[in-house]
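Peer 1: have a look; sequence and predicted model below, questions after that.
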Amino acid sequence: MNAPIPARILNQHLIDPEVCIRCNTCEETCPIDAITHDDNNYVVDASICQACMACVPPCPTGAVDSWIKVLTDQPYTLEQQFSWDELPAPQALPDEAVLGAADEQKSGDAAQPVQAGDEGAIMLDGLPSTAAGASIPPWSAAHPYVNLYTHKNPVTATVVGNYRVSGDDTESDIRHIVLDFGSTTFPVLEGQSIAIFPPGADENGRPYHARQYSIASPRDGERPRYNNLALTVKRVTIGHDGSPVRGVCSNYLCDLKKHDTVQVIGPFGQSFLMPNHPGANIVMICTGTGSAPMRAMTEHCRRLLKDAAFDGRLMLFFGARTQAELPYFGPLMKLPRDFIDINLALSREPGQPKRYVQDLIQERGEDMAALLGSAHTCIYVCGLKGMEQGVLQALEAVAAQAGHDWPALHAQLKSQGRLHFETY
Ligand code: FAD
Ligand code: A2P
């Protein structure tokens with residue numbers, strides 16, 4: 001009998017035409033010119049794209065983080081993509097399309113090949129974050145408004161507060177910035193983000209593109225019943241490679257004064273949304289400013305608790321270099337322990353062992369496993385891109401120790417919108 005010929009599968013990189021705000025950020029960012037556009041759509045050339053992910057973090061809407069599995073020899077063409085008004089439905093792929101273990105990506109393939117039905121697999125370096133987390137919200141999430149304001153019609157918001165929320169004894173400047181929208185409609189949910197245009201232009205004279213920031217306040221406003229929201233912004237002064245830089249937008253935002261105005265687009269985000277049903281548990285795993293959406297969710301629950309309308313469990317794993325670098329440390333530690341189970345992972349606190357969030361997840365394995373076993377538990381991960389893999393491995397270890405079938409559980413968490421990643 002002939003051995004079956006494994007057909008190759010491509011996780012084709014596409015841009016969601018319904019979500020894309022045509023801001024040109026992805027085309028500008030792509031290092032190998034795989035992205036182009038016409039008057040209708042931004043599109044990705046499958047014969048060029050290497051899935052390097054460079055375009056994904058800068059995209060304000062997440063439209064560029066779209067992936068559909070196709071047979072490698074039948075990718076969507078540029079002409080097809082130019083004509084779309086929405087992404088096509090996922091294709092049914094033949095079983096025999098499963099790759100052999102040794103069937104690695106060959107150089108020159110347009111994007112990363114994946115195994116058919118690999119939803120439960122641990123994320124590998126370079127795979128899009130959507131491979132590890134859900135692309136739909138939990139069933140009881142409120143319906144979000146998205147893209148109400150685009151680069152063509154940004155909204156002006158007024159700064160009504162700008163406070164430092166990192167300790168005085170650290171160089172890390174993290175600010176709590178409150179923006180007021182006056183009488184302009186700007187409805188948001190916890191877990192959503194906005195983007196802000198820094199004024200000015202880059203060295204080529206192109207206006208700076210908008211940078212995205214998670215909303216740190218609950219749906220009814222930083223100040224309840226006012227039309228405002230808060231951001232948690234870290235001033236970028238050192239680049240990822242350790243060299244000094246002056247981050248354009250973060251410095252602009254951190255230097256804003258009360259009554260200054262900013263140009264905002266959004267809101268963005270349709271899946272990183274909290275559950276709203278009674279008894280829902282929320283596990284929050286974050287580093288640094290990744291705490292912003294966690295603050296929003298926690299504060300929403302705290303406000304519900306006041307009316308005895310919250311009865312779930314909140315468990316937080318929060319990583320930072322030192323206690324002083326943890327934004328909102330003081331207010332966080334004042335929250336009642338029977339309301340939120342707080343686990344701090346400090347990596348550079350003098351006199352303390354180095355801890356990452358994934359270490360604490362394992363240390364709290366028994367409690368985590370109990371939460372993992374509940375269909376009412378939703379998990380949110382936000383912050384450093386680098387922690388995704390470690391967190392997934394920790395969840396897998398905890399689940400396996402408790403006798404859960406992790407691949408099945410992971411697949412279920414994703415298909416039920418209960419595991420979410422937002423990393424940058
Ligand atoms: P740029 O001028 O764009 O970059 C200058 C240099 O600094 C570049 O070399 C760049 O590689 C490097 N750099 C960029 N960011 C960092 C960093 N964080 N650490 C070290 N080096 C860096 N930021 C927040 O502060 N709070 C948030 O809540 C937040 N939420 C986000 C949510 C999403 C979904 C995404 C995609 C990003 C989020 N960011 C958040 C990051 C934010 O969008 C900007 O990337 C960040 O503020 C840096 O922008 P900049 O204009 O200051 O730096
Ligand atoms: P580290 O001391 O190793 O840098 P940052 O301050 O750069 O935003 O990082 C926030 C926290 O996340 C720091 O404590 C940092 O530790 C930690 N961290 C760095 N890499 C990882 C990783 N791969 N997984 C989890 N945490 C990480």
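Peer 2: Sure, I can see it. Residues are numbered from 1 along each chain as shown. Ligands and ions are numbered 1, 2, ... in the order given.
Peer 1: I'd like to know which elements the helix or strand of the chain with the lowest mean pLDDT is packed against.
Peer 2: The weakest-scoring helix or strand in the chain, judged by mean pLDDT, DSSP states H and E, is helix 25-29 (a mean of 82). For helix 25-29, the contact count by 3 or more CB pairs under 8 Å, 6 or more residues apart in numbering; DSSP states H and E identifies strand 35-37 as packing neighbours. From N, CA and C alone the C-beta is placed, and that goes for glycine too.
Peer 1: list of residues touching the strand it packs on?
Peer 2: 15, 22, 24, 26-27, 42-45, 49, 55, 64, 78 (CB atoms under 8 Å, 6 or more residues apart in numbering).
Peer 1: around ligand 2, which positions in the protein sit nearby?
Peer 2: When proximity is defined as CB under 6 Å from any ligand atom, the chain approaches ligand 2 at 287-288, 319-321, 347-348, 356-358, 384, 386-387, 390.
Peer 1: please redo it, this time with the cut-off set to 8 Å
Peer 2: Residues of the chain lying near ligand 2 by CB under 8 Å from any ligand atom: 172, 234, 287-289, 319-321, 325, 345-348, 354, 356-358, 383-384, 386-387, 389-391.
Peer 1: quick check: end-to-end length of stretch 61-75?
Peer 2: 24 Å (CA to CA, to the nearest Å).
Peer 1: residues of that stretch that come out buried?
Peer 2: For stretch 61-75, burial by neighbour count (16 or more other CB atoms under 10 Å) applies to T61, G62, A63, V64, D65, S66, W67, I68, K69, V70, T72, P75.
Peer 1: circling back to that earlier point, filter the residues of the chain next to ligand 2 by proximity to ligand 1?
Peer 2: For ligand 1, the contacts drawn from those by CB under 8 Å from any ligand atom are K234, G288, T289.
Peer 1: next, the last one: secondary structure please.
Peer 2: Classification of T289 using DSSP: H, G, I helix; E, B strand; the rest coil returns helix.
Peer 1: tell me if I'm right that it and E422 touch.
Peer 2: No. The pair T289 / E422 is not scored as a contact, 11.0 Å apart, by CB atoms under 8 Å.
Peer 1: what sits in contact with each of those two?
Peer 2: Residues touching both T289 and E422 (CB under 8 Å, 6+ apart): S214.
Peer 1: of the ones next to ligand 1 among the residues of the chain next to ligand 2, closest to ligand 2?
Peer 2: Among those, G288 lies closest to ligand 2 (CB to the nearest ligand atom), at 3.7 Å.
Peer 1: how much space separates the closest one from P218?
Peer 2: Going from G288 to P218 by CB to CB, to the nearest Å gives 20 Å.
Peer 1: of these two, which one has the most company?
Peer 2: Higher neighbour count among G288 and P218: P218, with 24 against 21, using other CB atoms under 10 Å.
Peer 1: so that one belongs to a helix, correct?
Peer 2: No. Assessed by three-state DSSP, P218 does not belong to a helix; its assignment is coil.
Peer 1: not counting its neighbours along the chain, what's nearest it?
Peer 2: Using CB to CB, 6 or more residues apart in numbering and skipping the chain neighbours, the partner closest in space to P218 is H300 (3.8 Å).
Peer 1: so who does the one you found touch?
Peer 2: Here H300 is in contact with E190, P218, R219, M274 (CB under 8 Å, 6+ apart).
Peer 1: state the distance from the nearest residue to I361 once chain neighbours are set aside to L384.
Peer 2: Excluding the flanking residues, the one nearest I361 by CB to CB, 6+ apart is A394, at 4.1 Å. To L384, A394 is 14 Å away according to CB to CB.
Peer 1: next one: E171
Peer 2: E171 sits 18 Å away from L384, going by CB to CB.
Peer 1: which of the two has more neighbours?
Peer 2: Just comparing E171 and L384: by other CB under 10 Å the higher neighbour count belongs to L384, 18 against 10.
Peer 1: isn't the more buried one up against T289?
Peer 2: No. Between L384 and T289 there is no contact under CB under 8 Å: 9.7 Å.
Peer 1: which residue does this protein bring closest to ligand 1?
Peer 2: G247 (2.2 Å).
Peer 1: show me what contacts the closest residue to that residue other than its chain neighbours?
Peer 2: Leaving aside its sequence neighbours, G247 sits nearest to V236 (CB to CB, 6+ apart; 2.9 Å). By CB under 8 Å, 6+ apart, V236 lies in contact with V245, R246, G247, S250, N251.
Peer 1: which of the residues you listed has the most neighbours?
Peer 2: Within those, neighbour counts (other CB under 10 Å) peak at S250, which reaches 22 neighbours.
Peer 1: quick one: it is in a helix?
Peer 2: Yes. Judged by three-state DSSP, S250 forms part of a helix.
Peer 1: so the closest residue to it other than its chain neighbours, which state does it fall into?
Peer 2: Leaving aside its chain neighbours, S250 sits nearest to V236 (4.5 Å; criterion: CB to CB, 6+ apart). Following three-state DSSP, we place V236 in the coil state.
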